[in-house]
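my questions concern the predicted model and sequence given below.
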Amino acid sequence: MQEHPMGMGAPGGATGQHPHEAWVGTCSAENCAYNNNTHCQAPTIRVVRHESHADCGTYEPAKS
């Protein structure tokens, strides 16, 4: 089982206030504005269905 990011000193994380609440383990979108060294910094995320898998609907391209 992966350790919750709050235990690793990362900001954010699940609050336990919603039965379907979760946290992002690792972000692999290298050019996302919210990605900081593989840690998602978005205040909230939206998960969307893409073909046969889930994708992040919060993705925003990083500004150059």
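Structure's in. What do you need?

drop to CA atoms for contacts and neighbour counts, all remaining ones
OK.

give me the buried positions along stretch 41-56.
Under the neighbour-count criterion of 16 or more other Cα atoms under 10 Å, stretch 41-56 has Q41 buried.

OK, contacts around the closest residue to C56 other than its chain neighbours?
The shortest distance from C56 to any non-neighbouring residue, by Cα to Cα, 6 or more residues apart in numbering, is to V47 (4.8 Å). By Cα atoms under 8 Å, 6 or more residues apart in numbering, the contact list for V47 reads A54, D55, C56, G57, T58.

in contact with T26, which residues are there?
Counting by Cα under 8 Å, 6+ apart, T26 touches T38, H39, C40.

can you do 6 Å?
Residues near T26 by Cα atoms under 6 Å, 6 or more residues apart in numbering: T38, H39.

check the one 5 residues further on too.
The contact partners of N31, by Cα under 6 Å, 6+ apart, come to P61, A62.

what strand or helix carries the residue most central in space within the chain?
The chain has V24 as the residue nearest its centroid, 3.6 Å off, counting by Cα atoms, centre = their mean. Here V24 sits in a region with no helix or strand, counting by DSSP states H and E.

before we move on, back to that, got phi/psi on the residue nearest to C56?
Dihedral angles of V47 (phi, psi; degrees, to the nearest 10) stand at phi -100, psi 130.

ok, D55 next?
Torsion angles, degrees, to the nearest 10, at D55: phi -130, psi 160.

check contacts around the closest residue to it other than its chain neighbours.
Excluding the flanking residues, the one nearest D55 by Cα to Cα, 6+ apart is V48, at 5.3 Å. Contact analysis of V48 by Cα under 6 Å, 6+ apart lists A54, D55, G57.

what pLDDT is listed against N31?
N31 carries a pLDDT value of 95.

my error: substitute P61 in the last question.
P61 carries a pLDDT score of 96 in this model.
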